[in-house]
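Trainee: Kindly return the folded structure for what I paste below:
(chains A and B)
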There are 2 protein chains.
Amino acid sequence: MARYLEPRLERASRADMRRLQARRVRQQVAHARARSPFYRRKLAGAPTVKTLEDLARLPFTTKDELKDNQAAKPPWGDVLAVPFEDVLRIHMTSATTGRPLAFLDTAEDWYGFYHSYARALHAFGVRKADMVMAAFSYGPWIGYWSGFYAAQDLGCLVFPAGGLSTEQRIDALRTWPITVLGCTPSYALFLAEQAAKKGIDLAKDTKVRITWHTGEPGASIPATKAKIEAAFGSRAYDLPGLTEIAAWGFECDARSGLVHVNEDYCYPEVLDEAGEPVRPGGRGELVFTSLYRKAMPLIRYRTRDVVQLADRRCPCGRTLLALEGGVLARLDDMKKVRGIIVYPRRVEELVRPFSGVDEFQIVFRRHEGLDDIVVRIDPSPALARAECDGLCRQLSEALRVGLGIRVTVEATEPGALPRWDHKARRVKDERTEVPF
Amino acid sequence: MARYLEPRLERASRADMRRLQARRVRQQVAHARARSPFYRRKLAGAPTVKTLEDLARLPFTTKDELKDNQAAKPPWGDVLAVPFEDVLRIHMTSATTGRPLAFLDTAEDWYGFYHSYARALHAFGVRKADMVMAAFSYGPWIGYWSGFYAAQDLGCLVFPAGGLSTEQRIDALRTWPITVLGCTPSYALFLAEQAAKKGIDLAKDTKVRITWHTGEPGASIPATKAKIEAAFGSRAYDLPGLTEIAAWGFECDARSGLVHVNEDYCYPEVLDEAGEPVRPGGRGELVFTSLYRKAMPLIRYRTRDVVQLADRRCPCGRTLLALEGGVLARLDDMKKVRGIIVYPRRVEELVRPFSGVDEFQIVFRRHEGLDDIVVRIDPSPALARAECDGLCRQLSEALRVGLGIRVTVEATEPGALPRWDHKARRVKDERTEVPF
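Mentor: All right, here's what the predicted structure looks like:
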């Protein structure tokens, strides 16, 4: 079995990749300027882009700008750079607040999105003979729609799992020879928990050998990944992506902790707070320029994702830009507590190694005049009272050391915390939630 | 705008069509004999097929045979005539009882299914500039999955509506410029009823101009069609299809009451009870031989659908075989009451013209030693008590005349009968339902 789906691109020399990127950047910027009313305004007076270096002289595009644009010119603003009748697909960003952002694609754009995704599935080891279930709602969420098409692109047998309950999905996993499962990390754990309640061991009672995860960073958090892998007796892979850009990255079967970036589909910049490129090993915000999408060709789009440029090579042999450990933090999720910055992902990294925790919730609150963090844990029903108390103490200590701040840990009754069949919402900030 | 998607096929001369059919029948029968273990056994000793006339010498295939085969050799029996790794899609028949029938397709089979469906959408007037919502669960039901792909095949913008509640779908119909809606007739009426409850007039408050319907015969029942068209201010079209065969037929924009058959995808025979072909104008069971599907190539498959061969031409100019009024009855739905044959479709034809009926149910029961039919109606909330009583009397008389048998009509409280978001199940046969 070939290791690479597209060796010419995945193993391109740096010079070849930059030539390809420069050509596509030139085309995209010219296309956006000529055809997108939004970019015609935004780039009026901006310099011409001939090289990748020139790109840095263009302004950033932000999600807020796109949202404002769609609100001002409903329903989809005027970023659109192709005739409406050329548009084939619509998807929406998962809005935690307010109106979701609608994103349109032509047939070629859509092919680009799922074909870049197919490269990732191939890198996980998914092949034509696999039977694949993408377990999601089949609503306008691109994350697994594109995964479903990517699996078809590889020639896999796809099982359409919309409208099925969790119980029916577990039943399908046992009835059909499904070897690959895609879903959020939270839903993978929920499936396993529900199966266990019925005495079903997904690791033994199904043929699943690969799971892949997008929508949440879980599969790049070692303890979360290990928990999913144990539950399914399979290998779990992280696929970071962005509705507005692409299925932009993937782990590979070398399992080196690196994420490869589909930099032929989207030109990446990793920028520090001053907007300067970081060096290998450095952390910064990921900024993408879409190199293939013609309907809504975003330029220097700020992803709000914090990543770390790798300063090592992956043993798989891919030359694509690599990041250390996936998306390390989302700037939009950042919380400040008594001057300390806390990211929910970091809390998950610290909580998941405790196997006695079935589910958790992070509450930021104001308590006796001070900001405070409470981590609520939903303990395994197997734990005795004293074990549970011990677990809370140990976790509290791990969080204090890991975050550099004192954290209150509380145990709920087993099963009391909500479970998640889509992206989890484990964070509550009671400081900003106004109770009326 | 071109009237035909594929004029060469839709307007083929009889001689050309028969040549094409004969060639494909020969190929399919040879393929099935060579590659399908099921058909190798079934056709052992059967004569060679060189002409369309020869086909009549082969045995029929029935749904029960396929079900038995899948039960004996789980999960998908051994009809499969291609290597498993060549299979791309799986769908299931909607099982009213027992295990559903699983149906597999290669990439080319799947293209054939949705491309034949695209011909139908084109005939309804759907074009590239349309925005299309297929309102179904996105579970393994081929009826609207293939419709979704067919709309994409025409280049339409498709709105993925899985996981959305009826309320969210109504909201989407108002928010986005959706011009085409696909769903079961029952769900179309349910959407309209739910919208009306919230003061929303789908005819005024949406841009829907075409609705199409499969899964139930409703859109070929004039009064049901009229009710849907009034609710949406649009034109409603019937698309009869069968998981095991194809999206085999369609009404066209000439609205002549005829259904065109995609006889280049599936070779039709209309046979009387003795198995002899009926003449134009005659009624019989529709039997199909699949001309394009390689994974599960069904030969002389008994559809259990009763149709009537047209003895007139459609003004649209298509030369494809035409049927009068779609699927007139399903043999599996046939009921006998005191020696009289009653089809649920006929009851719907008689009930729907009464605009005071929001929903209905047909109950076959044994009452004081005699078989009896009760039609329960869920009256419009706008009706006064006396109006409702009058409605029951009029409907009772219409049913007596139309069915040739006395029928008890009972009104429930408004809203008491179940509504349907998939295929409706309006028939209860209490004579066969054992109460333990």
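Trainee: Could you list the low-pLDDT ranges of chain A?
Mentor: A:1, A:95-98, A:432-436 (pLDDT under 70).
Trainee: who in it is up against chain B?
Mentor: A:75, A:84-91, A:104, A:107, A:128-129, A:136-140, A:145, A:152, A:155-164, A:175-177 (Cβ under 8 Å from any Cβ of the partner chain). C-beta coordinates here come from the backbone N, C-alpha and C atoms, glycine included.
Trainee: So among these, which ones count as buried?
Mentor: A:86-91, A:104, A:129, A:136-140, A:145, A:152, A:155-164, A:176 (16 or more other Cβ atoms under 10 Å in any protein chain shown).
Trainee: In strands only, show me those residues.
Mentor: Using DSSP state E, the subset of those located in strands is A:87-91, A:104, A:157-160.
Trainee: and residue A:174, which of the three is it?
Mentor: For residue A:174, the secondary structure call by DSSP: H, G, I helix; E, B strand; the rest coil comes out as helix.
Trainee: Tell me which stretches of the stretch 301-436 of chain A form helices.
Mentor: Using DSSP state H, counting those that start in this stretch, the helices of the stretch 301-436 of chain A run over A:344-351, A:385-403.
Trainee: Which strands or helices does the last one pack on?
Mentor: Here helix A:385-403 touches helix A:344-351, strand A:370-379, strand A:408-411, going by 3 or more Cβ pairs under 8 Å, 6 or more residues apart in numbering or on different chains; DSSP states H and E.
Trainee: Double-check residue A:219 against residue A:234; I have them as touching.
Mentor: No - the pair residue A:219 / residue A:234 is not scored as a contact, 11.7 Å apart, by Cβ atoms under 8 Å.
Trainee: So for these two, which sits in the more crowded spot?
Mentor: residue A:219 (24 against 21; other Cβ atoms under 10 Å in any protein chain shown).
Trainee: phi, psi of the more buried one?
Mentor: The phi/psi pair for residue A:219 (degrees, to the nearest 10) reads phi -70, psi -10.
Trainee: dump the residue contacts of it.
Mentor: Contacts for residue A:219 (Cβ atoms under 8 Å, 6 or more residues apart in numbering or on different chains) come out as A:185, A:211-213, A:225, A:228, A:236-239, A:251, A:326.
Trainee: switch to 6 Å and redo it
Mentor: Applying Cβ atoms under 6 Å, 6 or more residues apart in numbering or on different chains to residue A:219 gives the contacts A:185, A:213, A:225, A:236, A:238.
Trainee: Could you tell me which residues within stretch A:199-212 count as buried?
Mentor: A:200, A:202, A:206, A:208-212.
Trainee: That stretch: end-to-end distance?
Mentor: 24 Å (Cα to Cα, to the nearest Å).
Trainee: and the spatially closest residue to residue A:159 that is not a sequence neighbour, what does it touch?
Mentor: Leaving aside its sequence neighbours, residue A:159 sits nearest to residue A:133 (Cβ to Cβ, 6 or more residues apart in numbering or on different chains; 4.5 Å). Each residue near residue A:133 by Cβ under 6 Å, 6+ apart is listed here: A:159, A:161, A:178, A:181.
Trainee: Of the residues you listed, which is the nearest to chain B?
Mentor: residue A:159 (5.9 Å; Cβ to the nearest Cβ).
Trainee: What separation do you get for the closest one and residue A:255?
Mentor: 26 Å (Cβ to Cβ, to the nearest Å).
Trainee: would you list every one of the helices in the stretch 151-300 of chain A?
Mentor: Counting by DSSP H, counting those that start in this stretch, the helices of the stretch 151-300 of chain A are A:166-175, A:185-197, A:202-205, A:222-232.
Trainee: quick one on the thing from earlier: with distance to residue A:290 and mean neighbour count as added columns, please give the helices and strands packed on helix A:385-403 in a markdown table.
Mentor: Below are those laid out as a markdown table (distance: least, Cβ to Cβ, whole Å; neighbours: other Cβ atoms under 10 Å in any protein chain shown):
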| stretch | distance to residue A:290 | mean neighbour count |
| --- | --- | --- |
| helix A:344-351 | 25 | 20 |
| strand A:370-379 | 37 | 19 |
| strand A:408-411 | 43 | 17 |
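Trainee: Out of these, which is closest to residue B:118?
Mentor: helix A:344-351 (44.7 Å; Cβ to Cβ).
Trainee: domain parsing for chain A?
Mentor: A:7-111+A:241-332, A:125-238, A:334-429 (automatic domain parsing).
Trainee: Buried residues, the lengthiest helix in chain A. List them.
Mentor: For chain A, the helix reaching the highest residue count under DSSP state H is reported as helix A:14-35. Buried residues in helix A:14-35, counted by 16+ other Cβ under 10 Å: A:17-18, A:20-22, A:24-26, A:28-29, A:31-33, A:35.
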